[in-house]
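Asks: sequence first, then the predicted structure:
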Amino acid sequence: MKLLYGALVFFLFPSQALGRNYIEVGKKVGGIKRFDPYAISSGRYVSSQTSDGLYLPVIIDLKTNTRTVLKKLHEYLKNSKDSGTLSYAEQLKLKLDGKWKKWYSSKIISFDGLNIVGLLHQGVSQGLNGNPSCKKCGATALKHKRTGKYYCPVCNRYLLPSSYLKIVDNYYLARVNLKSKKSETIKVEGSWQTGATDFRKKIVYIWKEKKIKSKRKRKIKILQIDFENMKKLSATEIDMPYRDKNGHLTVMLSRTGKYLVFFEYDEYSDTKKKTGYLSSPTGRALIINTSEMKSRKVEIPVTPYGFDIDESTNLLAVGSNQAGELWIINLIKGKTIKKIKIARGVFHMVFSRNYKYLYVFNKRTFDTYLWKNLKKTNSFKVSKLCNGVEKFLASEKMISFGDSGKAIIGVIKKSKYGPWGSSSFDDGFQILNLKE
Ligand SMILES: [Zn+2]
C-alpha cells in the first residue's frame with residue numbers, strides 16, 4: 001500500500017517527488033549600463049539607465065519585455081532650466097543674483113503604464129543681502145568688476161565664494177503624463193531621501209534624519225506624499241537612539257504597505273564584538289505601523305541585509321550578513337522569538353506568494369526555507385547563474401516582488417582571477433522565478 005501511494009504521488013506530482021526547483025532562472029534583460037533596477041510598480045515595471053553614456057532613465061516592462069527610454073525627468077517640467085551647463089563665470093553671476101538652479105539627480109518612483117512619478121533634487125542659490133564682509137578683518141568686501149567675485153580691499157584678496165554663496169536644496173515630486181506630456185509638481189524644501197513607495201495607496205514616503213549634537217537627540221522625519229492627488233500628507237517625527245557615529249538606514253515597506261521599517265546598519269561592524277558603531281544600544285529597527293504611524297523599536301542583528309515581513313502573522317524575518325543569523329521578530333510584541341544559524345553573506349530575503357517559503361539569498365547559495373518550521377528544503381548554488389562561479393565577491397543588489405514570485409539580480413560574470421563572480425555593470429539583469 002505504501003509503495004502504491006508513493007507511486008501515485010510520483011505520478012501526480014513528479015516535480016515534488018524528484019525534488020523540485022524552487023528557483024527557476026528566467027530571462028535576461030540587457031542593454032542597461034548599470035545594474036540599477038528599482039521597483040516602480042508592484043511586480044511589473046522597474047527603472048534603470050541606458051548604456052549609451054547619457055544615462056537616460058529607462059522603464060522596463062517585465063511582462064512584455066519592452067523598454068521605454070525617457071528624457072531626464074526635469075526636462076519634462078515647465079521650469080526645467082538648468083544653470084549647470086553654463087560656464088563658471090555665468091554660473092557665478094547667476095549665483096550672486098540668486099537665480100542659479102541646477103538639477104542634481106532624479107529618481108523614478110512609480111509608473112502605472114502612463115504616469116511617471118519621480119523625485120527630483122534641485123540646488124538653488126540664495127541671493128546676497130548686501131556685500132559680504134571679510135572673515136579675517138571684518139571689512140566690507142567689494143565686487144570685482146571683471147570676475148564678479150568679492151574681494152577684501154584691506155587684505156587685498158578674494159573671499160572664498162563658499163563663504164558668501166549659499167545653495168539650498170529643494171526636492172520636487174513630479175508627475176508626468178507620458179501621453180499628454182503634462183506635468184505637475186510639488187515642492188518639498190530641504191534635503192530628503194526616498195524611502196519607499198506604496199503602489200496600492202499611491203503614497204511615497206520620503207525621510208530625513210535630524211541630529212542635535214548638543215542635546216544628544218536624533219530624530220527621523222517622515223513625510224508622506226499622495227501622488228494620486230499630488231498633495232503632502234502628514235509629517236511624522238520619531239526619536240531614534242543617539243549615536244556619535246551612526247551607520248546608514250535602509251528602508252523597506254511590507255507587501256501591502258502595512259509596515260514601514262528603518263533598519264540601522266553599519267558596514268564596519270565588528271563581527272567579534274557584534275556591535276560596531278551601533279553599541280549601547282545595539283542596532284535597532286524602527287517599525288512603523290502605517291495605518292496610524294505608530295512606531296516601536298526592536299533589536300536587530302548586525303549588518304541586516306535581507307529582510308521581509310509576513311503580514312499575515314506580523315513577523316519580521318531579518319538576516320545578518322556578517323553573523324550568519326536569521327532572527328524572527330514578532331512586531332506586535334516587539335520581541336525576537338527565534339534565532340537560527342544561516343549561511344554568512346546573506347544579502348536579500350523574500351517570502352513566497354502565500355508565505356509558505358522564505359527565500360534567503362546568500363553569496364554561495366539561494367536557500368529555500370519552509371516558513372512554518374524553518375527547515376531548509378532547497379539550496380540553489382550560485383554556479384547555476386554563472387558557470388564556474390562558487391560565490392559572489394560582495395553583497396549583490398537584488399529586488400524582489402514576493403506577491404508575484406519574482407526576484408531580480410545583476411547578470412553574474414566570473415572573475416578572471418578565481419571562482420568568484422559579481423554582477424557586471426554592462427550586462428543588465430537576470431530575472432529569477434520563485435516557485436511556491
Ligand atoms: Zn580683510
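Replies: Arrived safely, thanks for sending.
Asks: please make it C-alpha for all contacts and neighbour counts, starting now.
Replies: Will do.
Asks: and the residue of the stretch 301-436 of the chain nearest the ion?
Replies: T303 (50.1 Å; CA to the ion).
Asks: I figured that residue was touching D266, is that so?
Replies: Yes: with contacts counted by CA atoms under 8 Å, T303 reaches D266, the gap being 6.0 Å.
Asks: more neighbours, the two?
Replies: The neighbour count for T303 versus D266, taken as other CA atoms under 10 Å, is higher for T303 (30 against 20).
Asks: now the more buried one. Its backbone dihedrals?
Replies: Note on T303: its backbone torsions stand at phi 40, psi 70 [degrees, to the nearest 10].
Asks: go on, I328?
Replies: Here is the backbone geometry of I328 (degrees, to the nearest 10): phi -110, psi 120.
Asks: is it in a bridge, and if so with what?
Replies: Beta bridges link I328 to A317, K338, judged by DSSP bridges.
Asks: show the contacting residues for the residue in the stretch 151-300 of the chain that the ion sits nearest to.
Replies: In the stretch 151-300 of the chain, the residue that lies nearest the ion is C155 (4.1 Å; CA to the ion). If you count contacts by CA atoms under 8 Å, 6 or more residues apart in numbering, C155 has them with C137.
Asks: doesn't it lie inside a strand?
Replies: No: using DSSP: H, G, I helix; E, B strand; the rest coil, the assignment for C155 is coil, not a strand.
Asks: how far away is it from P132?
Replies: Per CA to CA, to the nearest Å, C155 is found 14 Å from P132.
Asks: where does the stretch 1-150 of the chain get nearest to the ion, residue-wise?
Replies: Closest point on the stretch 1-150 of the chain to the ion, by CA to the ion, is C137, at 4.2 Å.
Asks: for that residue, list the residues it contacts.
Replies: 154-155.
Asks: let me know the pLDDT of it.
Replies: If you check C137, the pLDDT there is 95.
Asks: report the secondary structure state of it.
Replies: From three-state DSSP, the assignment for C137 is coil.
Asks: which regions of the protein sit below the pLDDT cut-off?
Replies: For the chain, the stretches with pLDDT under 70 are 1-20, 34-35, 246, 267-277.
Asks: near the ion, which residues of it show up?
Replies: 134, 137, 152, 155 (CA under 5 Å from the ion).
Asks: for the first one, phi and psi?
Replies: In terms of degrees, to the nearest 10, the main-chain angles of C134 are phi -70, psi 130.
Asks: next one: it relative to T50, how far apart?
Replies: Following CA to CA, the distance that separates C134 from T50 is 47 Å.
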